[in-house]
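Participant: Give me the fold of what follows.
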Amino acid sequence: MIRSRVGFEPNADVFIDEEQKAVVVTVEAAGADPESLRVSMDDERRLLITGHRASGDRARSGTFVQKEIAHGAFAKRVHLPVAVEYAGARATFSDGVLCITLDLAQTPYHPTERTEIHLIVKRIHA
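Facilitator: Presented below is the predicted three-dimensional model:
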């Protein structure tokens, strides 16, 4: 985990699903408020994923002997290896993992500025 000015940087995986013709980005986001999750892109095929994870220790009294779980604001930058269709982006949130699916672009797309991707994160309950 890398600490940054925004709090912390969660781990992420990027996978090209050749069968589905899509790029799948998964981000560890256990404890994050799904309403706080935001995804934007820039002109260099980079996603910026931000959110917030509340501290779970507010109701506890005592002294921590070890504290490793990061909380607060987080941000993750992910470089996409191929051009994608941002308009059809989909996201799910299940078991603490944010999964963003972006279809591969049929034609190259070159945004000229940062663009917000409006995703409705579907919670999946197992």
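Participant: Residue 47 is in what secondary structure piece?
Facilitator: Secondary structure from DSSP states H and E places residue 47 in strand 46-53.
Participant: ok, and the closest non-adjacent residue to residue 48?
Facilitator: Closest residue to residue 48 apart from its sequence neighbours, by C-beta to C-beta, 6 or more residues apart in numbering: residue 40 at 4.9 Å. Backbone N, C-alpha and C define where each C-beta goes, glycine included.
Participant: Can you report phi and psi for residue 35?
Facilitator: Main-chain torsions, residue 35, degrees, to the nearest 10: phi -70, psi -20.
Participant: circling back: using PDB, write out the CA atom coordinates for the host helix or strand of the residue nearest to residue 48.
Facilitator: Per DSSP H and E: residue 40 is located in strand 38-41. Extracted in PDB, the C-alpha atoms of strand 38-41 (Å, rounded to 0.1, in the frame of the first residue of the first chain):
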ATOM      1  CA  ARG A  38     -15.800   8.300  -8.400                       C
ATOM      2  CA  VAL A  39     -14.100   7.400 -11.700                       C
ATOM      3  CA  SER A  40     -12.600   9.800 -14.200                       C
ATOM      4  CA  MET A  41     -10.300   9.500 -17.200                       C
END
